[in-house]
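Novice: Pasting a predicted model and its sequence here:
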Amino acid sequence: MSDTTATVPHLPVPLLDVRDLTKNFHVPGRGNNVLCALDKINLHVGRGETLGLVGESGCGKSTLARTLLMLERPDEGTIRFEGTDPFALTGKELLAWRRRVQMVFQDPFASLNARMTAGEIISEPWATHTTLYPSKKERAARLRELLEIVGLRPSDAGKSPQEFSGGQRQRIGIARALALNPDVIVLDEPVSALDLSVQAQVLNLLNDLQQRLGVAYIFISHDLSVVRHVADRVAVMYLGRIIETGTTEQVFDRPRHPYTAALMSASPHLDVSNSTPRKRIVLEGEMPSPLDPPSGCRFRTRCWKAQDICATDAPPAAASTDEPLHVAECHFPLMPETAVQLLAPAARSNDSDPRLHTITDLGAPC
Amino acid sequence: MRTATVSVPRASMIDDDVVLTVTGLNVDLRTPKGVLRAVNDVSFEALSGRTLALLGESGCGKSMTAKAVAGLLDPVADVTGGTVVLGGTDLAALTPKERLAYAGPELGIVFQDALTALNPVYTVGTQLGEAFRIHEGLSAKAAKVKAIELMRRVGIPEPESRVDSFPHQFSGGMRQRILIAMAVALNPRLLIADEPTTALDVTVQAQIMKLLRDLRTESHMAVVLITHDLALVAEEADTVAVMYAGNVVETGPVKEVFGTPHHPYTRGLLDSVPADVGRGQDLTSIAGSPPELHRIPDGCVYQSRCPLVQDICRAIRPTLEPDGAGRAVACHFSEELDNV
Amino acid sequence: MSRPPRNAVQLPSGGRTVAPPGTEAIALPRGESVADKKTSLFQLLLKDRFATVAAVVLVLVGLTAVFGPTLMGDLSTRQDLGATNRPPFSFSDGWAFILGSDSLGRSMLARLVVATQTTLSVALPAVAISLVLGSLWGVWAGYHRGWRETVSMRIADVIMSFPSLLLAVVILYVFSPSAANIVLILAVTRIPIYLRTARAESAELQSRTFVDAARTFGTKPNAIIRRHVIPVVLPTLLTLATIEFCYVMLAESSLSFLGIGIQPPDVSWGLMVAQGRQYLQTAWWLSFFPGLAIMVTTVAANVLAAWLRIATDPAQRWRLTLPRKRLLVRLPVKEVL
C-alpha cells in the first residue's frame, strides 16, 4: 500500500505517516485478557487534507486518535511526522512536536474545565509553550484573534463554559486547539453532540479554517453524511483494523468491502423524492468483542460473502485494479457495479414483499 | 442466511384509526426564573399502523410532550392545558391511579438510554415479567415464560438462557431490544419511542428500526417517534410534526413537508444536512441558536433566526393554519418561502 | 428535491441552546446571565440564612480565640473556694459568673474564652497539616496511578489499622505531652483520611477529557495537578476538613482526659468537658457549656463547608440563587405511569 502511495505523483507529501500501529490493552480478569484495540494500522495524512475515519463504537478509532496524540503508547509500529518519530523525542523537541498535532474532543461539556473562563481555557497551552507568545500583550492580542477566528466575541473571554451553548463551547475547544498553530488537528466526533443547525455552523467554521490556515484534519465520525461532506479521503475501521481506504468518492460510491457497503446502506437517507422503498442491507448481530476477535477476516461472522478461507486467512490489503489508491482487506471484494446496485434505490419490484430480497441475489462471491 | 435486504415501507396497508389525539397541550415548568412555558398549544394525532415523528432540536419540547402524554413529567413540570385522548379516554382527566390502570396496558414507551432505563439489580426476565404480574396477575413462573416469549419476539438470541442475565450483561442494541420488549409486553395501542437509536451505531440502529417497523405492522400500533434525525424521519415516519421552542411550527406527511417545506425553520433544517453539498462548500446553516425558555419572544418563536422576518412576526405569533390537504404551518409568510 | 440555497448569515448570535441532544429534560438554568455570575460570594452568602449564621458564629469564635484571653486577664485563673460550682444565669455575681463557676470557683465564662484559644491552636494546625500533606500526597498518587498509588494506599492502610489513640498515648508518654507534640500526632494519624479521598477523586479526574486536552499540549503532570485537579478536589477536601476538625477536637479532649493532652493550668474545651464529668450530677454546667461550644463550632463549620462546596462549584452555584422557600417546600410528585 505504501509503495503505491509513493509512486503516485499528485498526492500531497505525507505529513503524518502511520505504519503497522498496534495497541493492546491488558484487561484485568480471567482468561484471554488482551484487548486488541489497534491491529497494524496504516494511514497517512497530507498537508492541508482531511482524512475521514469512519467506524462504529468500539472499532478503535478513539484509541487511534489518542495514540496519534501520544496519550497512549503503541505496542508496535511507527508514527512518522515529517520523518521523525515523536515517541523517540524528549524534552524540548517533544514539546515542539506537541505543538504540531492538536485535538478537538467530542464532548464540548466534558472537555472544558468548568472552573476556568473561556479566555483561560484558550490560553492554557501557552502556559506550557511559554516561548510561543512571550509577552502578555502578544498573548492578549492572539487570544482576541483566536476568539474572532472561531466566531466568538472578545468579551466572551471572561465567561465560564456554563454560559455558552454546545456549539459555542465547541468553538472554544477549536480555538484552544488552534492556539499552538498546529499542522494537524485530530477531530474526535467534533459535531456529534451538537444540534443539526449548530452542527452546520461548526462544519462551516472547520472548512473555513482549513482553507485559511492550511491545517490537516483527521476527522473521526460515525456520521457518514458529515464525513462525506468534509473528507478528501476516507478510512473505514472495523474491530481495530482499517478495512478499506480510498478517496471519498471511491469509498462512498463504490465500496469494495462488504462492511463498508453495509454501513453505507444502514445509515438513513434524507432523500424523499424517490417514491420506491430503498433496499437496505441489515447486518445481523453486533460487532464481536475485541477481547476475542474472530480468526482470519474480522468481519466474517457478519458477512454474507464469507467462505471457508475467510476463517483461516486474514485477507491482505489489496488495491482495486483500476483504482490503485482504493484499498480493501477482503478476499471477495465487491465489484463496482455490484456496489452501485446495492446502494441504489431499488427499481419497482413485483414481489409482494420486497424485504424478502437477499443480498446474495445481488452479489455472488467472485 | 445471516443478512437480509429489506425495504423500508413508507406506508402500511393497515386501518388508519385514530389512537391518540393531543389537543392544545400546554406544559409549564416551575424554575428559579419563574413559570416557563415548555410546550405551547401542541396538537397532533397518531393513527394505528402509522408512525408520527416529533422532530426538533434539543430543548424544543419534543420529549416533554411525550412525557406529558405518558404521564411521566418531572415534578417541576405541570400540564396546564389541553387534552390527551388515548383510545377515547381523556388521560388528563384521570386520577394518577386510574391513569396507571388504564394507560399502563394501552401505552408503551421506549427511552434513549437503555442502561439507565433498566434496573441493574433485577434480571431482565424479572423486569420483563413485571407487566404481566401487575396487569394480568400472572405468577412469577408464568410471567417468566411470557418474558422468554417476548425476548424471542424482539429477536434476542437464546432467550431461555439469557432470561436470567442482568442488564449490564447485554450490549447496547440488545438492551434497547429489551426495553422495546417491555414497552410492547401488553400489546399497547400506542408506542412512544423517545430517541430510541440515538445512542446506537448505524448498523444496530437499522436493526432496531426494522424491529419497531415489524412490531408496528404485526400489532397495528400507532408509533410516536421522537428524534432530531431528519434522515430517520424521512425513512421511518408517515407524518411529521416539526417543533421549535415548544411550538409545533409545521405538520404534514413527511414526503410533502420535506419535499416542499412551508416553514423557514423546516427549510433551514433540511438545508443544514451535509448531503448534496460539495466538499469545501459551505453548508447553509441557520444563524444563532434556539432561544432559551425564559427568552422566548412574544411574536413568532422563530423570529430571531428567520430570514423572512417582518414587523408582524415580532408582534403576532402565527398559529398553526391547516391548508385543508393534511398539512399545517405556523408562519405569516409561508407562501413567500418558495420565492426566497 | 429542489431547494434553492438560501443566503444565511453564519455568524453565531448571542443565543444559547439548552443542552446537547439527549440531555433534553428540564431546562433549569445552566448558563447564568452575566449579572448572576457577578454576584460575589459574599452576596451569595447573605442569601442563605443558615450559612450566614454559621459564618457569623465562626467569626465570633475566631475573634474570641484571638482577643478573648487578653480581655479576660487573670479572671480565668482567679480561684474563689468560697464560691465553687455556682449555677449559671444568676446576675448577682456580675457578668463574669453569668455561666456559673467551676469546682475551684473560677469563672466559667472566662475559662471558656481562654479555652477557645487553646482548642483552636491545637485543632487548627493539626487539621491544616494533615489536610495539606494528605491531600497533596493523595492527589499525586491518584494522578499517576500505578505503583505510586499502590504504595501510598498500603501506607495509609497501615496508619489506619493502628489504633490512633493508642499510638498517641505511647508517643505522648515517651515524649512530653506538649501542644506541638499533640498537634503532630493528631496530624499524622489523620493523614490517611485525606489521602484516600484525594486519591479517589484525583484518579477519576485524571481520566477526564479536559485533563487529556492539557496532556496534548505537553503540560507537565504537576502543572495539570495544580491547574485542573486541585481546584476540583479542594471543596470536597475542605468539607472533609471541617468534619475532621470536630474529630480532632474530640480526640484532643480524650487525650486531655487521660492526662496526656493539654496540661493544667492550660485549659481546652475538651479538658473542661473531661474535668466536669465527675460533677455531672451536681453541676451540669461544668461539662455542658464547653460541650455546647464544641457542638456549635463544629455544626457551624459543617454548614459553612456544605455551602462553600456548592458555592464554589460553577455547575451547582445556581442552586443558591433559588429563593429559599422553593428548596424547603416539597413539590407534589406527579403521577407515574
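Specialist: On my side now, so go ahead. All values derive from a computational prediction rather than experimental measurement. Numbering: from 1, shown residues only, chains lettered A, B, ... in the order given.

Novice: Ramachandran coordinates for the closest residue to residue A:333 other than its chain neighbours?
Specialist: Leaving aside its sequence neighbours, residue A:333 sits nearest to residue A:256 (C-beta to C-beta, 6 or more residues apart in numbering or on different chains; 4.0 Å). In short, each C-beta sits where N, CA and C put it, glycine included. Dihedral pair for residue A:256: phi -100, psi -30, per degrees, to the nearest 10.

Novice: ok, now which ones touch the most centrally placed residue in chain C?
Specialist: Centroid-nearest residue in chain C: residue C:242, 1.7 Å away (criterion: C-alpha atoms, centre = their mean). Contact partners of residue C:242, counting by C-beta atoms under 8 Å, 6 or more residues apart in numbering or on different chains, are C:298, C:301, C:302, C:304, C:305.

Novice: What residues does the nearest residue to residue B:263 once chain neighbours are set aside make contact with?
Specialist: Using C-beta to C-beta, 6+ apart and skipping residues adjacent in sequence, the residue nearest residue B:263 is residue B:250, 4.1 Å away. Listed by C-beta under 8 Å, 6+ apart, the contact set of residue B:250 reads B:241-242, B:257, B:261-263, B:265-266, B:327-331.

Novice: 10 Å instead?
Specialist: B:55, B:240-244, B:257, B:261-267, B:320, B:327-331, B:334 (C-beta atoms under 10 Å, 6 or more residues apart in numbering or on different chains).

Novice: Mind checking which of those residues land in helices?
Specialist: B:257, B:264, B:265, B:266, B:267 (DSSP state H).

Novice: ok, now how distant is residue B:35 from residue B:83?
Specialist: 21 Å (C-beta to C-beta, to the nearest Å).

Novice: Tally up the residues packed near residue A:324, please.
Specialist: Residue A:324: 15 surrounding residues under other C-beta atoms under 10 Å in any protein chain shown.

Novice: what about it, is that helix, strand or coil?
Specialist: Recorded secondary structure, residue A:324: coil (DSSP: H, G, I helix; E, B strand; the rest coil).

Novice: if we can go back for a sec, for the residue nearest to residue B:263, helix, strand, or coil?
Specialist: Under three-state DSSP, residue B:250 falls in the strand class.

Novice: cool, and the one 5 residues further on?
Specialist: Secondary structure of residue B:255, reduced to three states by three-state DSSP: helix.

Novice: unless I'm mixing things up, it is touching residue B:234, no?
Specialist: Yes. Contact status for residue B:255 versus residue B:234: in contact at 8.3 Å, counting by C-beta atoms under 10 Å.

Novice: So between those two, which is more surrounded?
Specialist: Neighbours per residue, other C-beta under 10 Å: of residue B:255 and residue B:234, the larger number sits with residue B:234, 25 against 19.

Novice: quick one: the more buried one and residue C:53, what's the gap?
Specialist: 60 Å.

Novice: Kindly report the same for residue B:149.
Specialist: 62 Å.

Novice: So what's the predicted local confidence for the residue nearest to residue B:263?
Specialist: The confidence metric pLDDT takes the value 94 at residue B:250.

Novice: Looking from chain C, tell me which residue of the stretch 201-340 of chain B is nearest.
Specialist: residue B:288 (3.3 Å; C-beta to the nearest C-beta).

Novice: Checking my notes, that residue in a helix, right?
Specialist: No. Counting by three-state DSSP, residue B:288 falls outside a helix, being coil.

Novice: Report pLDDT for it.
Specialist: 81.

Novice: Pretty sure it sits against residue B:295.
Specialist: No. At 11.7 Å, residue B:288 and residue B:295 do not qualify as touching, with contact defined as C-beta under 10 Å.

Novice: Which one of these two is surrounded by more residues?
Specialist: Between residue B:288 and residue B:295, counted using other C-beta under 10 Å, residue B:288 has the larger neighbour count: 22 against 14.

Novice: Which parts of the stretch 51-200 of chain B are helices?
Specialist: Applying DSSP state H, counting those that start in this stretch to the stretch 51-200 of chain B gives helices spanning B:62-70, B:96-106, B:114-117, B:124-135, B:140-153, B:159-162, B:172-184.

Novice: Looking at the ones you listed, which is nearest to residue B:49?
Specialist: helix B:172-184 (14.2 Å; C-beta to C-beta).

Novice: And the closest one, how far out from the chain middle?
Specialist: 16 Å (C-alpha atoms, centre = their mean, to the nearest Å).

Novice: elements contacting that helix?
Specialist: strand B:107-110, helix B:114-117, helix B:124-135, helix B:140-153, helix B:159-162, strand B:190-194, helix B:202-219 (3 or more C-beta pairs under 10 Å, 6 or more residues apart in numbering or on different chains; DSSP states H and E).

Novice: Okay, buried residues for the fifth one please.
Specialist: Going back to what we said before, that points to helix B:159-162. Neighbour counts over helix B:159-162 (16 or more other C-beta atoms under 10 Å in any protein chain shown) mark B:159, B:162 as buried.

Novice: what about it and chain A, touching?
Specialist: No. For helix B:159-162, no contact with chain A is found by C-beta under 10 Å from any C-beta of the partner chain; the gap never falls below 14.1 Å.

Novice: What's the mean pLDDT across that helix?
Specialist: The average pLDDT within helix B:159-162 is 88.

Novice: Pull the distance from it to the chain's centre.
Specialist: So, by C-alpha atoms, centre = their mean, the centroid of helix B:159-162 is 31 Å from its chain's centroid.

Novice: Next: the third one.
Specialist: When distances are taken as C-alpha atoms, centre = their mean, helix B:124-135 is centred 24 Å away from the chain's centroid.

Novice: got the buried residues for that helix?
Specialist: So helix B:124-135, judged by 16+ other C-beta under 10 Å, has buried residues B:124, B:125, B:126, B:127, B:128, B:129, B:130, B:131, B:132, B:133.

Novice: Report all helices and strands that it contacts.
Specialist: Using 3+ C-beta pairs under 10 Å, 6+ apart, helix B:124-135 is in contact with helix B:96-106, helix B:140-153, helix B:159-162, helix B:172-184.

Novice: And for the second one?
Specialist: With contacts defined as 3+ C-beta pairs under 10 Å, 6+ apart, helix B:114-117 has these neighbours: helix B:172-184.

Novice: can you tell me the residue of chain C closest to chain A?
Specialist: residue C:218 (3.6 Å).

Novice: Give me the pLDDT for that residue.
Specialist: 87.

Novice: Spatially, what comes nearest to it if we skip its sequence neighbours?
Specialist: Residue C:218 sits nearest to residue A:98 (C-beta to C-beta, 6+ apart), 3.6 Å away.

Novice: Would you agree the one you found is in contact with residue A:90?
Specialist: No. Here residue A:98 lies out of contact with residue A:90, judged by C-beta under 10 Å, at a distance of 11.9 Å.
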